[in-house]
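[1] give me the fold of what follows.
(2 chains)
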Amino acid sequence: MGRIALTGTASLLGGRLLRRLAETKGAARLLVVDVAAPPAALEVRHRAVDLTEPAADQRLLDVFREEEVEEVLHFAFYAGPRRDAAHAHELESIGTLAVLAAAAASGVARVVMRSFTAVYGARGQNPAFLTEDRPLQPDPALGWVRDKLEAEQHAASFARRYPDLKVAVLRFAPLLGPRVHTFYTRILDRRVVPVLMGYDPLVQMLHPDDALAAAEAAVDRAAAGAFNVVPSRPIPLLTALHLAGRIPVPVPHPVAYPAADLMWAAGVGEAPGRFCDYVRFPFVADGERARRELGFAARHASRDALMAYLDYRHPPARLSAAAAPA
Amino acid sequence: MSSRPKVVPMRRPAGAAAASSPAAVEAARRDGLLVAIARAVEAGRHGLTWENLAALWSAAYFSWHSEDVDEFGRDAKFTETIRPLLEFLYTVWWRVEPAGVENVPADGPALVVANHSGVLPWDGVMITLALRHEHPARRECRMLALDMFALLPFLAPALARTGAVRASQENGERLLRAGELVGVFPEGVKGVGKRYRDRYKLARFGRGGFVRLALRTAAPLVPCAVVGAEEIHPVIAKADWVGRPIGLPYFPITPSFPLLGPLGVVPLPTKWSIDFADPISTAAYGPEAADDPILVNRLSEQVRSVIQRMIDGRLARRRSIWFG
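    This is a model prediction of the structure:
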């Protein structure tokens, strides 16, 4: 059996997957391909490759050949929009191209790639549950999503051109739970959270334990194609904010888009204005295919993920509240 | 985030309660709205904090919303909260007279097909109430809402909370496969926005999407005729040039709207009847029949003529718009 190479192990999900696989598959079978070294205690082989450098595909090809890599778990993606859009594009779109090219050329059997349900695009016309065969139509002006879309398009075209290469794309719903730090949590951590006036879409929040279980289920399996990895049930955005004890402030959407853009440009916002679509319209995905073909069913609903995050974020207060007599 | 509260919450020993927001909210939800108000008033004497404000806000919200919704967003508590208003409209305002409710199957999937009218989707709400209250099995009908309603700010979340779902093949199929009773208005925008002079003349039934939905899921079609709804907002003229820029397919002008402003959305108290006809079974054709445009058209026309016949029958017997 060949090695399993992992990218993006410095991310929450990639790091947890690395630790889990070190337990279940043995550290000897793993190889970290990342600019950042894995924790020394894991005793996992590490080859430093920068996916954004021009000759990354050649470097990767050498590494995959020398280490006899059989499967690549590609998790090097940013969870939120970034101001250095050019760097994000190099890493996510071009970096994925390099990984796929090296995998195809070195005879890697399987690639498991991280993606996001956001690639469907948030649209009013979306069905209540998006299935994997739905065309991906995100807002092309939103670089954060466009890079993921391009990565998926590379994956699809490689899967077409190289039938021996099995590419599984896991479209994760936004993560929320212990140790999650993304732009979602930075927005959620505020006492006062702006929302769009008159809109209250259903949102999905995935517990990291479920995300890990799905990623693990996809390893060492000949599954190919896209899989939605989603919580068992969505929750309305306003219900989530009220459960978290935040104060939602409704902003009319004609004001919200330019205001968010201004704040983003000024360096105080968390996301560009077009992102408002994602709190205006639903992008709820259906997890049926992952259940059928990966045997993965989420154990947590969106509400559980939110509660787990709040427990993690405010532990002392909750402990003392529980200890206080009712 | 670790700001110490300046207030000791009520009924808590000093020092024990470092009430940062989620804990405060949790407590407030357990105690309910009155206690949250009392706590905010108490806090006001010492300086109101964000925590107390958020707890009050949250308790107020959850006093009429539930903490969990079903997968399409229906909120049981919200539905319960607005029930008195809807029942007032049903029994007092429009004095709805249902007939043939027992034609709706007692269990399993079925597609109720009705004529659409009345500018706002009140007919859907009343059909839901008729089935919930008068059907022996107390069936809950999930209405498929037009895009213009399902995407309209303010109305859209309220519709979703009361159980309506945006009309699309995927959503309808998912509901029917789950064994739900689903209601559709094949006339769509053409029906709900029709002028007063065109009342009770059924518009074209789309392209038969509802028939394909029923064929694919083997759900029986139940024709339903709503009489009375077409007069609640008599549309004299349409100012589409006002509606288009704000994303509405039409902008109705009625005797009271927009002349009387917000009063214009109060519907007229006409007398309503809702008739359900015998179900039309689709199981015999098989799911492949959904791709047969001739069959789809024939069934669509059959349902349309049944509804038109029921409407014409009611209209012939009706002596007054207001008293039936």
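[2] what's the burial count for the residue in the stretch 51-200 of chain B positioned nearest to chain A?
    At 2.7 Å from chain A, residue B:153 is the closest residue in the stretch 51-200 of chain B, using CB to the nearest CB. No exception for glycine: its C-beta is placed from N, CA and C like everyone else's. Residue B:153 is flanked by 17 other residues according to other CB atoms under 10 Å in any protein chain shown.
[3] now the closest residue to chain B within the stretch 151-300 of chain A: how far from residue A:60?
    Of the stretch 151-300 of chain A, the residue with the smallest distance to chain B, taken as CB to the nearest CB, is residue A:198 at 2.7 Å. Residue A:198 is 48 Å from residue A:60, where distance means CB to CB, to the nearest Å.
[4] compare these two (neighbour count), which wins?
    residue A:60 (28 against 16).
[5] just give the nearest non-adjacent residue to the more buried one, would you?
    residue A:102 (3.6 Å; CB to CB, 6 or more residues apart in numbering or on different chains).
[6] wasn't the one you found part of a helix?
    Yes. Residue A:102 forms part of a helix when assessed by DSSP: H, G, I helix; E, B strand; the rest coil.
[7] that one contacts residue A:67, doesn't it?
    No. With contact defined as CB atoms under 8 Å, residue A:102 does not count as touching residue A:67 (11.6 Å).
[8] so those two - more neighbours on which side?
    Remark: of residue A:102 and residue A:67, residue A:102 carries more neighbours, 25 against 16, as counted by other CB under 10 Å.
[9] report the contact partners of the more buried one.
    A:57, A:58, A:60, A:61, A:63, A:64, A:108 (CB atoms under 8 Å, 6 or more residues apart in numbering or on different chains).
[10] ok, and what's touching the biggest helix by length in chain A?
    Scanning chain A for the longest helix, with DSSP state H as the assignment, gives helix A:143-161. Outside helix A:143-161, the residues within contact range by CB under 8 Å, 6+ apart are A:77-78, A:80-82, A:85, A:88-89, A:92-93, A:96-97, A:100-101, A:103-104, A:111, A:113, A:115-116, A:118-119, A:121, A:136, A:138-140, A:165-167, A:169, A:224-226, A:271-272, A:275.
[11] same deal with stretch B:92-99?
    B:90, B:126, B:129-130, B:134, B:228, B:232, B:267, B:269-276, B:324.
[12] of those residues, which belong to strands?
    B:273, B:274, B:275, B:276 (DSSP state E).
[13] ok, now how distant is residue B:197 from residue B:231?
    Distance from residue B:197 to residue B:231, by CB to CB: 12 Å.
[14] please apply the same query to residue B:249.
    For residue B:249, the distance to residue B:231 - CB to CB - is 21 Å.
[15] compare these two (neighbour count), which wins?
    residue B:231 (20 against 16).
[16] which residue sits closest to that one in space, ignoring its chain neighbours?
    Per CB to CB, 6+ apart, closest to residue B:231 is residue B:270, 4.7 Å.
[17] what number of residues lie near the one you found?
    Neighbour tally, residue B:270, other CB under 10 Å: 21.
[18] quick check: phi and psi on the residue of the stretch 151-300 of chain A closest to chain B?
    phi 90, psi 0 (degrees, to the nearest 10).
[19] from residue A:210, how far out is residue B:308?
    52 Å.
[20] with neighbour numbers in mind, choose between the two.
    Each of residue B:308 and residue A:210 has its neighbours counted (other CB under 10 Å); residue A:210 has more, 26 against 16.
[21] the more buried one touches residue A:298, doesn't it?
    Yes. At 4.4 Å, residue A:210 and residue A:298 qualify as touching, with contact defined as CB under 8 Å.
[22] list residues touching both of the two?
    A:229, A:231.
[23] run through chain B and note the low-pLDDT ranges.
    With pLDDT under 70 as the threshold, chain B has low-confidence stretches at B:1-31.
[24] alright, that wraps it up for me.
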